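> With the sequence up front, the predicted model follows.
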Amino acid sequence: MPDRFLFPIPQDLDWFALGPIIVVVATGLVALIVEMLRHKRNNAYVVGVSVVGLLVAGAMAASQAGEPAKEILAGTFLRDRFGCVVQVLMVAACLLSVLFSEGYLRQKRIAYGEAYPLMLWATAGGMVMATSRNLVTLFVGLELLSVSLYVLAGLSRTEAKSEESALKYFLLGAFASAFLLYGIALFYGATGSLHLGRVAEVWTSGFETGRSLLAVGMALILIGLSFKSAFVPFHQWTPDVYQGAPTNIAAFMAAGSKVAAVAMLYRVLDAAQPMVALWLPPLFWVAILTMVVGNLAALVQKDAKRLLAYSSISHAGYLLVALLARFKAPDVVSDAALLYYLASYSFMTIGAFAVISVAARAGRESTGLSALNGLWQRSPFAAVALLLFVWSLIGVPGASGFVGKLLIFRDALAADLVPLAIVLAVASVVSVAYYLALVRAAWVADESEADAAVAPLNAGSGLALGICAAGVLGLFVFVGPLLGWMAGPRSAEAERAPIVRQG
Amino acid sequence: MSLVLDHLLSIIVLAPFAGCLLLLALPPEWKTASRVVALVSGGISLALSCVAWALYDGAKGGFQFRESYQWIPGLDIRYSLGADGISLSMLLLTGVIIVTGVFASWTLEERCKEFLTLLLFLVTGVFGVFVALDLFFLFLFYEIAVLPMYLLIGIWGTGRKEYSAMKLTLYLMLGSAFILTGILALYYLDPRRTFDMLELSGGSELAVGLQRALFFAFYLGFGVLAGIFPFHTWSPDGHASAPTAVSMLHAGVLMKLGAYGVIRTCVAMFPEVAPSLMPIVAAIAAINIVYGAFSALGQTDLKYVIAYSSVSHMGVVMLGIASLAPVGMAGAVMQMFSHGIMTGLFFALVGLVYQKAHTRDILAMGGFARRMPGIAVAFTVGGLASFGLPGTSGFVAETLVFLGTFARYPVIVAVAVTGVVITAVYVLRVVQKVFLGPLGEAWSELPDARSTEWVALVSLAALLVAVGVWPMPLVNLINHGLRTLGMEL
């Protein structure tokens, strides 16, 4: 299977398996053409085309989740349940961000139609990152995602902070890519292949030079991905970039880009299973650091977007716990917790950013917490939705965030990662304080400005908020069937089996 | 009709939630309609709680009105409800307090709709905790009962409201973390692998050390809400800052959730280790009683006096629970009921006094009985119940508690009983300073309670006396409940 051709000849091409990605890329092209033909800067058709394309792609990906895993195009593309579910999540994240984009961009007077094709291509990149075990394919996916996001972060080009955001993201992104690429080169040197499947073979071969090359290569790859996933200490770019980027883009970065990075990390760690003793200890500490620093730093934030950025860092820590549990004890832990958490995280994070975007007023956006003041009066629906998202972000029962944390907690115990489970629980208590700052700003603090009149929510934002709220509640109510869909029948059995504690 | 009877508890729990959803749909200007919706949905729960009381089969005992539906098969989480005598007495208490609480906040104008929505949401959680038979749902309802408090105090409170709201929320979330840890540890470590509280009751096969740890996790977790020393400091601040109806609900009902949780987990699930650990609980309870009473003695803010008296009275509840004997336990539940009504009455009164006099400073008041005789009478009735005068519910409750615990912890009880004396001192001090003595010049125009304000005062004061004079119906009900704990009077 793993052959020596870098660009093998496609003999086993399965168009349908590639379908979701192709549809998203093609939709991006169509959207770009529609954008050129539009009248008077009216982006309605561009949004319409994007939404339809994304829905089709999402349906195609969802329909393939139950099919047996197969690797096509000589091992450069993999279709399996994990990949399909992540594709659906990527599409959903993009769809929700697109829905509330137009109203927000118009208000900010930066309604450039190019935003939509770029968001679609970024999504396609993220989808590629979930569906391959070939490092070059993964890298191309990552770059497609990143380059699109560099441009999007600077969309508000008259604003200095948006430019700063784009530049910072670009420089650190390039830095991360360099790590990753160097790691891939060493990997190729060690294994003579770009396919992740070769790790086990080389690692167990006893060929010392190959082993050490592989170890260094893997370390560099993991560092590169840690940048992308915003793990501490590779997180410093996150608050600046989220704060400066337009809010709809920040929402997509926080949800979509994180999902994609975690998915790629999943592929790498899955392949590096035989080397678990080597990477587990450092990543264990990275997880603890990420949870601790993310939550503590969030406590002192005065800006809503920076606060959510640190929140996204802490959630990255929880996701890393799920990953570590998954690959430390692959026999007893399924993908369910990780995927469920990704879904839940995406809904609540995009929802929270959408609420902040609603608070943007008359062309000038201030994202300080005080900008949310009086939201309960200006836009009761958004304010109630914010309560729900905060409820879920804290991890209180009644919304998906709780079940997600519960599943990760359980997996961490099952994999004998008790310290991580404890840090997760304590971190969740700490997080109450800063999430309540959002509630306080929107509900408690007095309205200082005069324009307290109820502003009608634009249809797109209302819809996005509604879907996010329904998602957070729906994930909670229909946990059983959803876990079955995400992790497949085999793991549904494993859910029921008693946990055998190791060691 | 059978549809109602088959889902009696669900309807009791969900009626306030339905009211909450209905309120969300109403325009904010319809204030009277909002109040009526809140009253009706709370009233349905109260009425059905009475129906459940009437229909409860005492001869059969145990948990009745059971409902059970699978929710997550893989984790064996069930939506499982049931009520025994203890639950039913708490349901009645909650029903009374929410209805009178709505009356007490009838004149609230600021963001009236949002206030009532949150109040109903909170009370949904309270009802839910008292009937949940699945640890997962117990915890779910517990959080629903606790978290809205942040907004209720933060928005509608007085004084240092944001500080109090945040302090209260953080303390209670810390408690929740202990509870959740306990629930999860119990689930994953116990071979029965279930959240079913009935299955978990009656003993555990876990190692003794582990059982002790779980006992403490639940005791600390629920204890924070019950105001145990030294985790009680959120409670005076929270109660003093909260608006009237919220103080009533919080001191009257929510703190009982903590004690109720301790009964359902520590007492019911760990009978082997409980006897050896209960002396600690009893000692802390005695500190609560005496320290709380002394603190109340030193306050000049009327609301702080009542708030510290709650800390003291919750100590009596915890002391009764620590007896692990039927008399003390019956006394504890009785005290939960009695204190709930009493403190509800107190906070309603303080709210009224503040609303009319615009001050809560005891030293600034005096002679109010001349201008507001109704309020003065009601306050005195509550005060008498507070230090357990015979003929009030407080007497029945405290007598049972001290009787039931004396044999087991003579020294601790001897210390605790002094709390009753101090209670008499601070209650009479307040009565004297506020209602008796010469009437100040500034207060010559003070009005007495009016129209809807009477409802809370009269009904709560009447209940205190009624239960004190004729406690048997309630004692019988509680006694049926004790059987589920393997005790009987």
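Structure received.

> in the strand ranked longest in chain B, what's buried?
For chain B, the strand with the greatest residue count under DSSP state E is strand B:64-72. Within strand B:64-72, the residues that qualify as buried are B:Q64, B:F65, B:E67, B:W71, B:I72, counting by 16 or more other C-beta atoms under 10 Å in any protein chain shown. Backbone N, C-alpha and C define where each C-beta goes, glycine included.

> what's the closest non-adjacent residue to residue 219?
No chain in the question, so chain A it is. A:G183 (7.2 Å; C-beta to C-beta, 6 or more residues apart in numbering or on different chains).

> looking at chain B here, not the other one
Nearest to B:Y219 is B:C266, by C-beta to C-beta, 6+ apart, at 5.3 Å.

> So which helix or strand of chain A has the lowest pLDDT on average?
Of all helical and strand segments in chain A, the minimum by mean pLDDT, DSSP states H and E falls on helix A:479-496, at a mean of 68.

> which stretches of chain B have low pLDDT?
B:1, B:74, B:488-489 (pLDDT under 70).

> Near chain A, which residues of it are found?
Where chain B comes near chain A, counting by C-beta under 8 Å from any C-beta of the partner chain, the residues are B:24, B:71-75, B:111, B:114, B:136, B:139-140, B:143-144, B:147, B:150-151, B:154-155, B:162, B:165-166, B:169-170, B:173-174, B:176-177, B:180-181, B:184, B:188, B:193.

> so A:S461 touches A:I356, yeah?
No - using C-beta atoms under 8 Å, A:S461 makes no contact with A:I356, being 10.8 Å away.

> more crowded one of these two?
A:I356 (27 against 24; other C-beta atoms under 10 Å in any protein chain shown).

> My read is that the more buried one contacts A:R306, right?
No - applying C-beta under 8 Å, one finds A:I356 not in contact with A:R306, separated by 11.1 Å.

> show me where chain A has strands.
Going by DSSP E, chain A shows strands at A:70-72, A:77-79.

> Could you name the stretch from those that's closest to chain B?
strand A:77-79 (26.2 Å; C-beta to the nearest C-beta).

> Direction included, what does that closest one pair up with?
Sheet pairing of strand A:77-79 (DSSP bridges) gives strand A:70-72 (antiparallel).

> Can you get me a residue count around residue 55?
Just going to use chain A. Using other C-beta under 10 Å: A:L55 sits among 14 other residues.

> not what I meant, chain B
For B:L55, using other C-beta under 10 Å, the count is 12.

> dump the residue contacts of A:V202.
A:A190, A:T191, A:G210, A:R211, A:L214 (C-beta atoms under 8 Å, 6 or more residues apart in numbering or on different chains).

> Against A:I72, how distant is the closest residue to the second one other than its chain neighbours?
Put plainly, it is A:T191. Closest residue in space to A:T191, ignoring its immediate chain neighbours: A:R198 at 4.1 Å, by C-beta to C-beta, 6+ apart. Counting by C-beta to C-beta, to the nearest Å, the gap between A:R198 and A:I72 amounts to 18 Å.

> the more surrounded of the two?
Between A:R198 and A:I72, counted using other C-beta under 10 Å, A:R198 has the larger neighbour count: 20 against 17.
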